[in-house]
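Novice: predicted coordinates and the sequence they were generated for:
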Amino acid sequence: MAGKIVSIHSFRGGTGKSNTTANLASQVALTGKRVGVVDTDIQSPGIHVLFGLDEQKMGKTLNDFLHGKATIREVGFSVGDNPGDGEGLVKLAGKNLFLFPSSIKGGDISQILREGIDFNMLNEGLQTAITEFELDYLFIDTHPGLNEETLLSIATSDILIIILRPDSQDLQGTSVTVDIARSLDVPNLFLMVNKALPKYDFAGIKSDIEKQFQATVTSVLPLSFDMAENASKDLFSLRYPDHEWSVALKKVVPYILEAK
Amino acid sequence: MPGLFDRLDKEIKDSQKDGGMSPLDIAKLPPSLRKIMRLMLRELQMGYPRMCEVMDAMPEQDRLTRDELDSALSDLTEQFWLIRIGKKEKAIYKVNLRRKAGSTLAAGIWSAIDAKIKKPPESLK
């Protein structure tokens, strides 16, 4: 089979899903792999910001593809050819990283809400992106919670990474997602803990959560004010590669590269 | 005059209007069919010989006999979870995913929202 689909999911919002997806995809692209990032959070898109895109720079979008106004080839934006100005982003110059953004125009979002989504078309777009761009990995940034787009991305994933905070609501929601992923036979199911208070025992968190879900916790990332201060203006792990958040994030990469 | 491609395309589109499956429906299937459905989602379509090949490669306890596979495919096609093009050994199958329904809010609400979105707020002028 062609490239692998890596879905990044969280049951609740605010877990740092888009930031994690953008940074992980970029770290994998830095290893020389061909990587795509799709924003299937069509109702509230945001990952394009991390790659330095705004409404003016954004060309064709996933919405155009879903409405038959563009091919997936036209939607793919080469980050390697247009890396933006951020100190972290410029490290992606020349890398094979492609973004498939969702539209941030109010009219396009309301059209999707009003008319619904053709999932046959969405799935065709995901699979065609892999073949046309010869991707090794396609990262899917999903909408938090469980909706139909998320279920589709879970059902087609080779690797599912569920992000959670060490918080009771997150833990409960994660157990629902883990059950669904298992019932859909996702071959590689991983967890990643984000926003853990530095005073916590990270090794203890890892072992407790692994025991609770019988799944591998790839890494525990600290709650970081530096990361918050970055305010999605740049790719944090590329700009500050030695920061503890970046070091913890980079521990996830081998799980992706070594997954069967 | 419409060609073969147009006719097949119309046939697929007509079938898709009649329903389809949710990704969650895959979870209800037996393991062997689940695997085939997942593969079909990835490969977009699958010929019958390839499906038999995948089935034969499965662990014995999960494997379906040819009769069981044919009957399952026939059921799934009747439910419009699968779309079949062609017959018997030459059949090609595609998964038919149910469309996500649009909002049931009154149309007037959407046109009001669209009008608001198109008109920038006074503070941005």
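Specialist: Ah, there it is.
Novice: can we go C-alpha only for contacts and neighbour counts from here?
Specialist: Fine.
Novice: which residue does chain B bring closest to chain A?
Specialist: residue B:102 (3.8 Å; C-alpha to the nearest C-alpha).
Novice: tell me the SS of that residue?
Specialist: Put simply, residue B:102 is coil when judged by DSSP: H, G, I helix; E, B strand; the rest coil.
Novice: not counting residues beside it along the chain, what's closest to it?
Specialist: residue A:116 (3.8 Å; C-alpha to C-alpha, 6 or more residues apart in numbering or on different chains).
Novice: state the pLDDT value of that neighbour.
Specialist: At residue A:116, the pLDDT value in this model is 90.
Novice: thought it was touching residue B:98?
Specialist: No: Residue A:116 lies out of contact with residue B:98 (C-alpha atoms under 8 Å); the separation is 10.7 Å.
Novice: higher neighbour count, the two?
Specialist: residue B:98 (21 against 14; other C-alpha atoms under 10 Å in any protein chain shown).
Novice: for that one, grab phi and psi.
Specialist: Main-chain torsions, residue B:98, degrees, to the nearest 10: phi -70, psi 140.
Novice: didn't it look like it was pressed against residue B:79?
Specialist: No: the pair residue B:98 / residue B:79 is not scored as a contact, 11.4 Å apart, by C-alpha under 8 Å.
Novice: where do the contact lists of those two overlap?
Specialist: residue B:20 (C-alpha atoms under 8 Å, 6 or more residues apart in numbering or on different chains).
Novice: dump the residue contacts of the residue most central in space within chain B.
Specialist: Taking C-alpha atoms, centre = their mean, the centroid of chain B lies closest to residue B:96, which sits 1.5 Å from it. By C-alpha under 8 Å, 6+ apart, the contact list for residue B:96 reads A:120, B:16, B:20, B:21, B:80, B:81, B:82, B:83.
Novice: so the fourth one touches residue B:81, yeah?
Specialist: Yes: here residue B:21 lies in contact with residue B:81, judged by C-alpha under 8 Å, at a distance of 5.1 Å.
Novice: more neighbours: the two, which one.
Specialist: residue B:81 (25 against 18).
Novice: what's the closest of the contacts of residue B:96 to residue A:208?
Specialist: Nearest to residue A:208, judged by C-alpha to C-alpha, of the contacts of residue B:96 is residue B:21 at 36.7 Å.
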